[in-house]
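Student: Predicted model, plus sequence, below.
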Amino acid sequence: MKKQIEQLQLIFDVLDARGILDNVILIGSWCLFFYQKIFENFEGSIKTTDIDFFISNHRSKSFNHLIINDFKKINYDLMKDFLTNRTTLISQNGFEIEFVARVNRNKDACIKIGESGIYAEALNYVEIFANNFLIVNLFNHSIRIASPEAFILGKILVLNRRKNKIEKDIEAINNLLSFIYSSVQLSKKLNDLFSSLPKKWRKTIKSNSLLYGIEISFL
Amino acid sequence: MSIFKEVVKEEIERQEKKILFYSNESQKLNPGTLFIRKIGGNSYAYSKRKINGKVISKYLGSINDKETIKRIEEIKEYKRLKSNLMEAKKELSILKRTLRLYEKTNWTTPTNFWCFRR
(Lines give C-alpha, C1' and ligand atoms only; values in the text may rest on other atoms or scores of the structure.)
Protein backbone atom coordinates (compact mmCIF):
# COMPACT_ATOMS: atom_id res chain seq x y z
CA MET A 1 0.00 0.00 0.00
CA LYS A 2 2.92 2.33 0.76
CA LYS A 3 4.06 2.11 -2.85
CA GLN A 4 0.58 2.96 -4.10
CA ILE A 5 0.40 6.02 -1.87
CA GLU A 6 3.80 7.19 -3.15
CA GLN A 7 2.54 6.76 -6.71
CA LEU A 8 -0.64 8.63 -5.88
CA GLN A 9 1.44 11.52 -4.59
CA LEU A 10 3.54 11.56 -7.78
CA ILE A 11 0.39 11.75 -9.91
CA PHE A 12 -0.98 14.68 -7.95
CA ASP A 13 2.44 16.38 -8.11
CA VAL A 14 2.29 16.24 -11.92
CA LEU A 15 -1.31 17.42 -12.10
CA ASP A 16 -0.62 20.30 -9.73
CA ALA A 17 2.60 21.32 -11.47
CA ARG A 18 0.65 21.64 -14.74
CA GLY A 19 -2.12 23.61 -13.01
CA ILE A 20 -4.88 21.15 -13.79
CA LEU A 21 -5.61 19.85 -10.33
CA ASP A 22 -8.63 22.17 -10.03
CA ASN A 23 -9.97 20.76 -13.24
CA VAL A 24 -9.96 17.10 -12.28
CA ILE A 25 -12.10 15.25 -9.76
CA LEU A 26 -11.07 11.86 -8.48
CA ILE A 27 -13.89 9.38 -8.95
CA GLY A 28 -13.89 5.60 -8.71
CA SER A 29 -12.73 3.28 -5.97
CA TRP A 30 -9.68 5.30 -4.93
CA CYS A 31 -12.07 7.82 -3.38
CA LEU A 32 -12.45 5.26 -0.58
CA PHE A 33 -8.82 5.83 0.38
CA PHE A 34 -9.56 9.53 0.87
CA TYR A 35 -12.79 8.84 2.76
CA GLN A 36 -10.69 6.83 5.21
CA LYS A 37 -8.55 9.92 5.74
CA ILE A 38 -11.52 12.26 6.17
CA PHE A 39 -14.00 10.19 8.12
CA GLU A 40 -13.15 8.50 11.35
CA ASN A 41 -14.28 4.88 11.66
CA PHE A 42 -14.66 4.42 7.92
CA GLU A 43 -12.90 1.46 6.43
CA GLY A 44 -13.06 0.85 2.73
CA SER A 45 -11.30 -1.83 0.77
CA ILE A 46 -9.62 -0.75 -2.45
CA LYS A 47 -9.09 -3.51 -4.95
CA THR A 48 -8.01 -1.85 -8.15
CA THR A 49 -4.90 -0.44 -9.68
CA ASP A 50 -6.80 1.91 -11.94
CA ILE A 51 -7.52 5.45 -11.02
CA ASP A 52 -10.22 7.53 -12.68
CA PHE A 53 -10.48 11.28 -13.02
CA PHE A 54 -13.47 13.26 -14.15
CA ILE A 55 -12.53 16.27 -16.28
CA SER A 56 -14.86 19.16 -15.61
CA ASN A 57 -13.59 21.39 -18.42
CA HIS A 58 -11.96 19.50 -21.24
CA ARG A 59 -11.35 22.68 -23.24
CA SER A 60 -9.00 24.16 -20.62
CA LYS A 61 -5.75 25.48 -22.10
CA SER A 62 -3.81 24.05 -19.16
CA PHE A 63 -4.08 20.67 -20.84
CA ASN A 64 -1.11 20.72 -23.21
CA HIS A 65 1.33 18.19 -24.66
CA LEU A 66 3.75 18.71 -21.75
CA ILE A 67 1.50 16.66 -19.46
CA ILE A 68 2.40 13.45 -21.28
CA ASN A 69 6.13 14.30 -21.00
CA ASP A 70 5.71 14.93 -17.28
CA PHE A 71 3.98 11.61 -16.83
CA LYS A 72 6.71 9.88 -18.83
CA LYS A 73 9.26 11.17 -16.32
CA ILE A 74 7.46 9.21 -13.60
CA ASN A 75 7.27 6.10 -15.84
CA TYR A 76 3.75 6.54 -17.25
CA ASP A 77 3.15 5.82 -20.94
CA LEU A 78 0.21 6.88 -23.02
CA MET A 79 -1.58 3.88 -24.45
CA LYS A 80 -4.07 4.58 -27.22
CA ASP A 81 -6.89 2.42 -28.47
CA PHE A 82 -6.94 3.22 -32.18
CA LEU A 83 -10.50 2.02 -32.63
CA THR A 84 -12.10 4.32 -30.09
CA ASN A 85 -9.28 6.89 -29.62
CA ARG A 86 -9.51 6.25 -25.91
CA THR A 87 -6.23 6.79 -24.08
CA THR A 88 -4.92 5.41 -20.82
CA LEU A 89 -1.78 6.28 -18.93
CA ILE A 90 -0.13 3.07 -17.82
CA SER A 91 2.80 2.39 -15.55
CA GLN A 92 4.34 -0.88 -14.48
CA ASN A 93 5.02 0.25 -10.93
CA GLY A 94 2.00 2.49 -10.61
CA PHE A 95 -1.56 2.94 -11.70
CA GLU A 96 -3.60 2.87 -14.84
CA ILE A 97 -4.91 6.41 -15.14
CA GLU A 98 -8.13 6.99 -17.04
CA PHE A 99 -9.98 10.20 -17.72
CA VAL A 100 -13.71 10.51 -18.16
CA ALA A 101 -15.85 13.40 -19.32
CA ARG A 102 -19.51 14.08 -19.87
CA VAL A 103 -21.07 13.11 -23.20
CA ASN A 104 -21.02 15.95 -25.71
CA ARG A 105 -23.66 16.98 -28.26
CA ASN A 106 -22.12 14.82 -30.99
CA LYS A 107 -22.25 11.83 -28.65
CA ASP A 108 -18.56 11.06 -29.32
CA ALA A 109 -17.22 7.97 -27.54
CA CYS A 110 -14.07 9.85 -26.57
CA ILE A 111 -13.36 13.52 -26.10
CA LYS A 112 -10.04 15.25 -26.68
CA ILE A 113 -8.73 16.96 -23.57
CA GLY A 114 -7.28 20.31 -24.58
CA GLU A 115 -4.12 19.96 -26.64
CA SER A 116 -2.69 17.24 -24.42
CA GLY A 117 -3.18 14.29 -26.78
CA ILE A 118 -5.18 12.57 -24.07
CA TYR A 119 -8.71 11.45 -24.86
CA ALA A 120 -11.29 11.02 -22.12
CA GLU A 121 -14.00 8.44 -22.31
CA ALA A 122 -17.39 10.12 -22.61
CA LEU A 123 -19.82 8.65 -20.10
CA ASN A 124 -23.38 9.32 -19.08
CA TYR A 125 -24.21 10.41 -15.55
CA VAL A 126 -20.66 11.55 -14.70
CA GLU A 127 -21.85 15.15 -14.45
CA ILE A 128 -23.12 14.13 -11.02
CA PHE A 129 -19.53 14.69 -9.85
CA ALA A 130 -19.18 18.17 -11.37
CA ASN A 131 -20.84 19.93 -8.44
CA ASN A 132 -20.61 17.24 -5.81
CA PHE A 133 -17.04 16.95 -4.65
CA LEU A 134 -14.97 17.44 -1.52
CA ILE A 135 -11.66 19.24 -1.37
CA VAL A 136 -9.10 17.29 0.62
CA ASN A 137 -5.73 18.65 1.63
CA LEU A 138 -3.32 15.79 1.27
CA PHE A 139 0.23 15.39 -0.08
CA ASN A 140 0.49 19.24 0.04
CA HIS A 141 -2.22 19.54 -2.60
CA SER A 142 -5.89 20.46 -2.58
CA ILE A 143 -7.40 17.40 -4.17
CA ARG A 144 -10.97 17.24 -5.43
CA ILE A 145 -12.68 13.94 -4.81
CA ALA A 146 -16.24 12.82 -5.44
CA SER A 147 -18.42 13.29 -2.37
CA PRO A 148 -19.58 10.02 -0.74
CA GLU A 149 -23.20 10.67 -1.75
CA ALA A 150 -22.22 11.32 -5.39
CA PHE A 151 -19.97 8.25 -5.28
CA ILE A 152 -22.88 6.04 -4.19
CA LEU A 153 -25.51 7.47 -6.54
CA GLY A 154 -23.03 7.56 -9.45
CA LYS A 155 -22.22 3.88 -8.90
CA ILE A 156 -25.88 2.86 -8.63
CA LEU A 157 -26.72 4.74 -11.84
CA VAL A 158 -24.30 2.65 -13.88
CA LEU A 159 -24.64 -0.66 -12.04
CA ASN A 160 -26.45 -2.45 -14.87
CA ARG A 161 -23.61 -1.62 -17.27
CA ARG A 162 -20.79 -2.90 -15.06
CA LYS A 163 -20.90 -6.57 -16.11
CA ASN A 164 -18.16 -8.38 -14.16
CA LYS A 165 -17.58 -5.56 -11.72
CA ILE A 166 -21.11 -5.61 -10.29
CA GLU A 167 -20.31 -7.65 -7.17
CA LYS A 168 -17.34 -5.44 -6.32
CA ASP A 169 -19.39 -2.29 -6.81
CA ILE A 170 -22.30 -3.55 -4.72
CA GLU A 171 -19.90 -4.38 -1.90
CA ALA A 172 -18.39 -0.87 -2.06
CA ILE A 173 -21.85 0.76 -2.18
CA ASN A 174 -23.20 -1.22 0.77
CA ASN A 175 -20.08 -0.57 2.82
CA LEU A 176 -20.19 3.19 2.24
CA LEU A 177 -23.96 3.31 2.56
CA SER A 178 -23.93 1.77 6.03
CA PHE A 179 -21.37 4.39 7.04
CA ILE A 180 -23.49 7.22 5.59
CA TYR A 181 -26.57 6.02 7.45
CA SER A 182 -24.65 6.14 10.70
CA SER A 183 -24.41 9.92 10.30
CA VAL A 184 -27.51 12.14 10.21
CA GLN A 185 -25.66 14.85 8.29
CA LEU A 186 -24.41 12.52 5.57
CA SER A 187 -27.83 10.84 5.25
CA LYS A 188 -29.42 14.25 4.71
CA LYS A 189 -26.82 15.11 2.06
CA LEU A 190 -27.55 11.85 0.27
CA ASN A 191 -31.28 12.57 0.27
CA ASP A 192 -30.74 16.15 -0.87
CA LEU A 193 -28.56 15.06 -3.77
CA PHE A 194 -31.06 12.40 -4.77
CA SER A 195 -33.91 14.94 -4.77
CA SER A 196 -31.87 17.35 -6.92
CA LEU A 197 -31.31 14.77 -9.67
CA PRO A 198 -33.40 14.62 -12.86
CA LYS A 199 -36.53 12.47 -12.66
CA LYS A 200 -35.15 9.91 -15.11
CA TRP A 201 -31.99 9.44 -13.04
CA ARG A 202 -33.99 8.99 -9.85
CA LYS A 203 -36.04 6.33 -11.56
CA THR A 204 -32.86 4.52 -12.69
CA ILE A 205 -31.41 4.69 -9.17
CA LYS A 206 -34.59 3.27 -7.67
CA SER A 207 -34.88 0.44 -10.20
CA ASN A 208 -31.17 -0.49 -9.96
CA SER A 209 -31.27 -0.45 -6.15
CA LEU A 210 -34.26 -2.75 -6.24
CA LEU A 211 -32.72 -5.02 -8.85
CA TYR A 212 -29.41 -5.47 -7.04
CA GLY A 213 -30.76 -5.51 -3.49
CA ILE A 214 -29.24 -2.25 -2.32
CA GLU A 215 -31.04 -1.07 0.79
CA ILE A 216 -31.26 2.61 0.18
CA SER A 217 -34.14 4.71 1.46
CA PHE A 218 -35.20 8.03 0.03
CA LEU A 219 -37.59 10.47 1.61
CA MET B 1 -18.19 -15.37 -9.11
CA SER B 2 -16.20 -14.20 -6.10
CA ILE B 3 -14.94 -10.62 -5.96
CA PHE B 4 -11.45 -11.92 -5.33
CA LYS B 5 -11.43 -13.96 -8.52
CA GLU B 6 -12.84 -11.04 -10.49
CA VAL B 7 -10.15 -8.69 -9.21
CA VAL B 8 -7.39 -11.15 -10.12
CA LYS B 9 -8.86 -11.66 -13.58
CA GLU B 10 -9.08 -7.91 -14.10
CA GLU B 11 -5.45 -7.53 -13.09
CA ILE B 12 -4.41 -10.35 -15.43
CA GLU B 13 -6.13 -8.60 -18.34
CA ARG B 14 -4.41 -5.37 -17.39
CA GLN B 15 -0.97 -6.99 -17.28
CA GLU B 16 -1.56 -8.68 -20.64
CA LYS B 17 -2.46 -5.32 -22.16
CA LYS B 18 0.71 -3.81 -20.70
CA ILE B 19 2.88 -6.64 -22.02
CA LEU B 20 1.49 -6.11 -25.52
CA PHE B 21 2.06 -2.38 -25.30
CA TYR B 22 5.61 -2.55 -23.93
CA SER B 23 6.71 -5.22 -26.42
CA ASN B 24 5.26 -3.29 -29.38
CA GLU B 25 6.83 -0.03 -28.27
CA SER B 26 10.23 -1.57 -27.56
CA GLN B 27 10.21 -3.35 -30.94
CA LYS B 28 9.69 0.01 -32.62
CA LEU B 29 12.96 1.24 -31.09
CA ASN B 30 15.30 -1.73 -30.64
CA PRO B 31 18.51 0.30 -30.83
CA GLY B 32 20.72 -2.15 -28.93
CA THR B 33 22.77 -1.38 -25.86
CA LEU B 34 24.89 1.69 -25.35
CA PHE B 35 28.55 1.87 -24.48
CA ILE B 36 30.92 4.80 -24.35
CA ARG B 37 34.60 4.69 -25.32
CA LYS B 38 37.13 7.26 -24.22
CA ILE B 39 39.62 8.03 -26.97
CA GLY B 40 42.15 10.82 -26.64
CA GLY B 41 40.30 12.56 -23.85
CA ASN B 42 37.00 12.59 -25.79
CA SER B 43 34.02 10.31 -25.25
CA TYR B 44 32.34 8.51 -28.13
CA ALA B 45 29.10 6.56 -28.07
CA TYR B 46 28.62 3.14 -29.67
CA SER B 47 25.63 0.86 -29.82
CA LYS B 48 25.97 -2.91 -29.53
CA ARG B 49 23.50 -5.33 -31.09
CA LYS B 50 23.42 -9.06 -31.55
CA ILE B 51 22.60 -10.02 -35.14
CA ASN B 52 22.55 -13.72 -36.08
CA GLY B 53 24.55 -14.60 -32.96
CA LYS B 54 27.26 -12.05 -33.74
CA VAL B 55 27.78 -8.90 -31.69
CA ILE B 56 27.90 -5.88 -33.97
CA SER B 57 29.14 -2.51 -32.67
CA LYS B 58 28.02 0.65 -34.39
CA TYR B 59 29.64 4.04 -33.99
CA LEU B 60 27.07 6.70 -33.04
CA GLY B 61 29.29 9.76 -32.65
CA SER B 62 30.71 12.07 -30.03
CA ILE B 63 28.52 12.20 -26.93
CA ASN B 64 28.11 15.95 -27.40
CA ASP B 65 26.51 15.64 -30.86
CA LYS B 66 22.79 16.41 -31.03
CA GLU B 67 22.13 13.28 -33.08
CA THR B 68 24.08 11.11 -30.61
CA ILE B 69 22.20 12.59 -27.65
CA LYS B 70 18.95 11.69 -29.43
CA ARG B 71 20.17 8.11 -29.99
CA ILE B 72 21.28 7.84 -26.37
CA GLU B 73 17.81 8.97 -25.27
CA GLU B 74 16.29 6.32 -27.55
CA ILE B 75 18.48 3.64 -25.99
CA LYS B 76 17.48 4.77 -22.49
CA GLU B 77 13.82 4.69 -23.50
CA TYR B 78 14.29 1.19 -24.90
CA LYS B 79 15.85 0.05 -21.63
CA ARG B 80 12.98 1.55 -19.64
CA LEU B 81 10.38 -0.19 -21.80
CA LYS B 82 12.24 -3.51 -21.61
CA SER B 83 12.48 -3.31 -17.84
CA ASN B 84 8.74 -2.53 -17.63
CA LEU B 85 8.06 -5.48 -19.93
CA MET B 86 10.03 -7.84 -17.68
CA GLU B 87 8.19 -6.55 -14.60
CA ALA B 88 4.81 -6.99 -16.29
CA LYS B 89 5.67 -10.57 -17.25
CA LYS B 90 6.72 -11.36 -13.68
CA GLU B 91 3.54 -9.80 -12.29
CA LEU B 92 1.42 -11.75 -14.77
CA SER B 93 2.94 -15.06 -13.78
CA ILE B 94 2.31 -14.31 -10.08
CA LEU B 95 -1.30 -13.39 -10.81
CA LYS B 96 -1.88 -16.50 -12.91
CA ARG B 97 -0.38 -18.65 -10.16
CA THR B 98 -2.62 -16.94 -7.59
CA LEU B 99 -5.71 -17.58 -9.71
CA ARG B 100 -4.76 -21.24 -10.25
CA LEU B 101 -4.18 -21.71 -6.53
CA TYR B 102 -7.49 -20.04 -5.72
CA GLU B 103 -9.40 -22.24 -8.17
CA LYS B 104 -7.64 -25.35 -6.92
CA THR B 105 -8.11 -24.81 -3.21
CA ASN B 106 -11.03 -22.35 -3.26
CA TRP B 107 -9.60 -20.59 -0.21
CA THR B 108 -11.67 -18.11 1.78
CA THR B 109 -11.61 -14.67 0.26
CA PRO B 110 -9.71 -12.16 2.38
CA THR B 111 -12.10 -9.42 3.43
CA ASN B 112 -9.76 -6.47 3.16
CA PHE B 113 -7.03 -7.06 0.66
CA TRP B 114 -4.88 -5.03 -1.61
CA CYS B 115 -4.23 -5.99 -5.20
CA PHE B 116 -1.45 -8.46 -4.59
CA ARG B 117 1.39 -6.05 -5.11
CA ARG B 118 4.64 -6.80 -3.45
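Tutor: It's in. Numbering: from 1, shown residues only, chains lettered A, B, ... in the order given.
Student: where along the chain do the strands fall?
Tutor: By default, I'm working from chain A. Along chain A, counting by DSSP state E, strands occupy A:24-27, A:50-55, A:77-80, A:87-90, A:96-102, A:110-113, A:118-123, A:133-138, A:141-146.
Student: nope, chain B please
Tutor: B:33-39, B:42-51, B:54-62.
Student: Now mean pLDDT too, for those strands, in a markdown table please.
Tutor: Shown next, in a markdown table, are the strands of chain B (pLDDT from 0 to 100):
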| stretch | mean pLDDT |
| --- | --- |
| strand B:33-39 | 87 |
| strand B:42-51 | 87 |
| strand B:54-62 | 89 |
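Student: nearest to chain A, of the ones you listed?
Tutor: Nearest of these to chain A, taken as Cβ to the nearest Cβ: strand B:33-39 at 19.1 Å. Bear in mind the C-beta positions are built from the backbone N, C-alpha and C, glycine included.
Student: circling back to that earlier point, of the strands of chain B, give the one that comes closest to B:R80.
Tutor: B:R80 lies closest to strand B:33-39 among the strands of chain B, at 12.8 Å (Cβ to Cβ).
Student: Compute the distance from the centre of that closest one to the centre of its chain.
Tutor: Relative to the centre of its chain, strand B:33-39 is centred 23 Å away, using Cα atoms, centre = their mean, to the nearest Å.
Student: So what are the sheet partners of it and their directions?
Tutor: Taking DSSP bridges as the criterion, strand B:33-39 forms sheet pairs with strand B:42-51 (antiparallel).
Student: and the angle from the partner strand to strand B:54-62?
Tutor: 150 degrees (axes from the mean of the first three to the mean of the last three Cα atoms, to 10 degrees).
Student: Using a markdown table, lay out the strands of chain A together with mean pLDDT and distance to A:T204.
Tutor: Shown next, in a markdown table, are the strands of chain A (pLDDT from 0 to 100; distance: least, Cβ to Cβ, whole Å):
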| stretch | mean pLDDT | distance to A:T204 |
| --- | --- | --- |
| strand A:24-27 | 94 | 18 |
| strand A:50-55 | 92 | 19 |
| strand A:77-80 | 92 | 32 |
| strand A:87-90 | 93 | 27 |
| strand A:96-102 | 92 | 16 |
| strand A:110-113 | 90 | 23 |
| strand A:118-123 | 91 | 14 |
| strand A:133-138 | 91 | 21 |
| strand A:141-146 | 93 | 18 |
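Student: Pipe the strands of chain B into a markdown table and attach mean neighbour count per row.
Tutor: Listed next are the strands of chain B as a markdown table, based on neighbours: other Cβ atoms under 10 Å in any protein chain shown:
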| stretch | mean neighbour count |
| --- | --- |
| strand B:33-39 | 12 |
| strand B:42-51 | 14 |
| strand B:54-62 | 13 |
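Student: now the strands of chain A as a markdown table including distance to B:N52 and mean neighbour count?
Tutor: Shown next, in a markdown table, are these (distance: least, Cβ to Cβ, whole Å; neighbours: other Cβ atoms under 10 Å in any protein chain shown):
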| stretch | distance to B:N52 | mean neighbour count |
| --- | --- | --- |
| strand A:24-27 | 50 | 24 |
| strand A:50-55 | 42 | 23 |
| strand A:77-80 | 31 | 18 |
| strand A:87-90 | 34 | 23 |
| strand A:96-102 | 38 | 20 |
| strand A:110-113 | 44 | 21 |
| strand A:118-123 | 41 | 22 |
| strand A:133-138 | 55 | 15 |
| strand A:141-146 | 53 | 20 |
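Student: Dump these into CSV; add distance to chain B as well.
Tutor: Shown next, in CSV, are these (distance: least, Cβ to the nearest Cβ, whole Å):
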stretch, distance to chain B
strand A:24-27, 18
strand A:50-55, 8
strand A:77-80, 5
strand A:87-90, 6
strand A:96-102, 6
strand A:110-113, 17
strand A:118-123, 15
strand A:133-138, 19
strand A:141-146, 19
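Student: between the ones you listed, which one is nearest to B:I51?
Tutor: Per Cβ to Cβ, nearest to B:I51 of those: strand A:77-80, 27.6 Å.
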